[in-house]
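Trainee: Provided below are the primary sequence and the corresponding predicted coordinates.
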Amino acid sequence: DGGVAASKNEQYVQTVAHRGASGYAPENTMAAFEKAVKMKSDYIEIDVQQTKDGELIVIHDTSVERTTDGSGKVKDLTLEELKQLDAGSWFGEEFIGEKLPTLAEVLDAYRGKSGILIELKSPSLYPGIEEKVAAELTKRNMDKPNNNKIILQSFDHESVETFHSILPSVPTGVLVSYTMSDNNLRDVSRFADYVNPGKWLITSDYVDRIHDNGMLAQTWTVRDEESVEPLIQAGVDGIITDYPDYVNRR
Ligand code: G3P
Ligand code: CA
C-alpha cells in the first residue's frame, strides 16, 4: 500500500469487498470471500464478534436471525451452536450449507491471498476482544506491517486505541458517520492510520484534511456504480463495496 499519491487522478484506489462480494453471495461467508478474490479485490472486509465460549466469529449483526436459519444473540450461542447454522440459504439456494466462518478460518484461508480489513463489531459487548484478535494475528506472524495487508477498524474508537496499544505494528482505522473536525482528526491520528467515513460525507476537503493529518480514507458502502467516480475524484484511497467489479472495471 502506497502513501498518499501526489495527484488525485493518478492515485491507486483500493477495492475493499464489503463483507466479501456481498452483492453476489451471502455476506461474511467463504463464498463471498472467494468471489471477492476472483474479482481482484485488494481487501475483504469482515465483521468480527465473540461467541458465548469466547471464540471469534465472523458475522455482522449481534443476533443471527437475518443471515442464518437460527435465532438468538451471537454472545449467547456457543461456537458449536453457531457452526450448525446455515448462513447461505437466505441469499439463494445455491448457497445452502454455507457456515459462519471463524476469524481463524478466514486468516488461514486468505493470508497472502488478500488483504483483510477486520472490523470489531460492537466490541463493548465483548471485553478483551482486542487481545484475542491480536493473539490470532501474532500467532500467524500477521502483525508485521507491509507484507500482510491487515487493517483493524471499528466504530468504537476506544477499542481501536486499545488494539493499537496492544499491537502497534498493525494499521488501524476509525469508522465515522460524521465529519470530523481538525481537532478530532489530530486526536485519532495518535492511534489510527485510516479514517473511514460513510460515502455521503465525502468531499475533497474532508479527504484532504484526513490526508493532512497523515491518514488515509476508505469510504463505505458503495452499492451503485455511479457513486464510484465522484468518490475517486474526491481523492479517497479505498472504496468499500458490495460489488468489487464496479470499482475494478473502470
Ligand atoms: O467497512 C465499513 C462498513 O462495513 C461499516 O458498516 O454496518 O456494514 O459494518 P457495516
Ligand atoms: Ca463492517
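Mentor: Cool, got the structure. Ligands and ions are numbered 1, 2, ... in the order given.

Trainee: So what's the residue count around whatever residue of the chain ends up closest to ligand 1?
Mentor: Going by Cβ to the nearest ligand atom, ligand 1 is nearest to Trp220 of the chain, at 3.6 Å. For glycine as for every other residue, the C-beta is placed from the backbone atoms N, C-alpha and C. Neighbour count for Trp220, taken as other Cβ atoms under 10 Å: 21.

Trainee: Name the next helix or strand following the helix or strand where it lies along the chain.
Mentor: Per DSSP states H and E: Trp220 is located in strand 218-222. The C-terminal neighbour of strand 218-222 among helices and strands, as given by DSSP H and E, is helix 228-233.

Trainee: List the neighbouring strands of the following helix or strand past that next one plus their orientation.
Mentor: Using DSSP H and E, the helix or strand that follows helix 228-233 towards the C-terminus is strand 238-241. Strand pairing for strand 238-241, using DSSP bridges, gives strand 14-17 (parallel), strand 218-222 (parallel).

Trainee: and strand 238-241, anywhere near ligand 2?
Mentor: No. Using Cβ under 5 Å from the ion, strand 238-241 never reaches ligand 2; the gap is at least 7.9 Å.

Trainee: For the next helix or strand after that strand, which outside residues touch it?
Mentor: Downstream of strand 238-241, the next assigned helix or strand under DSSP H and E is helix 244-248. Helix 244-248 is contacted by residues 13, 15, 17, 21, 36, 39-41, 222, 224-225, 228, 239, 241 when judged by Cβ atoms under 8 Å, 6 or more residues apart in numbering.

Trainee: got a winner among these for most neighbours?
Mentor: Of those, with other Cβ under 10 Å as the count, Ala17 tops at 33 neighbours.

Trainee: So it sits against Ala36, correct?
Mentor: Yes. Assessed by Cβ atoms under 8 Å, Ala17 is found in contact with Ala36 at 3.3 Å.

Trainee: Tell me the residues that contact both of those two, please.
Mentor: With Cβ under 8 Å, 6+ apart as the test, Ala17 and Ala36 both reach Ile44, Pro244.

Trainee: Next one: the closest residue to Gln14 other than its chain neighbours from Val228, what distance?
Mentor: Once flanking residues are discounted, Gln14 sits nearest to Gly238: 3.7 Å by Cβ to Cβ, 6 or more residues apart in numbering. Going from Gly238 to Val228 by Cβ to Cβ, to the nearest Å gives 12 Å.
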